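Student: Dropping a prediction and its sequence here:
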Amino acid sequence: MNEKEILKHFDNLFSTSVIDHIKLNMPLIKGIVDRLCEIPTKPSPTYKVNMRKQIELSDKLCEFLTDEQIKVFEEYKQVRNETNKLTEEQIFCFGYIFTKELEQEGNISKE
């Protein structure tokens, strides 16, 4: 998703107008997010268990698939991974937007 799509999506979900005053052109932050998505960090025990189950089920499923079906399944997993990455990026950007909006709402001027 590009900057405008994320902001528009945020506005639609939360009935806001952040598209008018928030900029997401953050190459450094985007680079960090991209890098974090690539670097395997110390996974939690639950993550390890779930990943192990996912691999076992995938391997078990592939035992019954034809070569063509395995190819389609691998393509499916690739698209799923790309979709997950987009979701993670959107969640990160939404967190940034929430922070900026809360910062704005918290700026109460003393009169």
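Tutor: Right, received. Where do you want to start? Quick caveat: nothing in here was measured; it's all calculated off a predicted structure.
Student: what's the pLDDT at Lys110?
Tutor: We note a pLDDT of 51 for Lys110 in this prediction.
Student: In which helix or strand does the spatially most central residue of the chain reside?
Tutor: The residue lying closest to the centre of the chain (Cα atoms, centre = their mean) is Glu88, at 1.2 Å. According to DSSP states H and E, Glu88 maps onto helix 67-106.
Student: chain center to that helix: distance?
Tutor: What separates the centre of helix 67-106 from the centre of its chain is 2 Å, taken as Cα atoms, centre = their mean, to the nearest Å.
Student: lowest-confidence helix or strand of this protein?
Tutor: Every helix and strand of the chain was ranked by mean pLDDT, DSSP states H and E. The lowest is helix 27-38, at a mean of 71.
Student: Run the angle between the helix or strand just after it and helix 67-106 for me.
Tutor: Remark: after helix 27-38, the chain's next helix or strand is helix 45-62, criterion DSSP H and E. If you take axes from the mean of the first three to the mean of the last three Cα atoms, to 10 degrees, helix 45-62 sits at 150 degrees to helix 67-106.
Student: other SSEs contacting helix 45-62?
Tutor: Other elements packing on helix 45-62 under the criterion 3 or more Cβ pairs under 8 Å, 6 or more residues apart in numbering; DSSP states H and E are helix 67-106. Bear in mind the C-beta positions are built from the backbone N, C-alpha and C, glycine included.
Student: For the helix it packs on, buried residues please.
Tutor: Glu89, Phe92, Cys93, Phe94, Tyr96, Ile97, Glu101 (16 or more other Cβ atoms under 10 Å).
Student: pLDDT below threshold where in the chain?
Tutor: In the predicted model of the chain, residues 29, 33, 37-41, 107-111 satisfy pLDDT under 70.
Student: No more questions from me, cheers.
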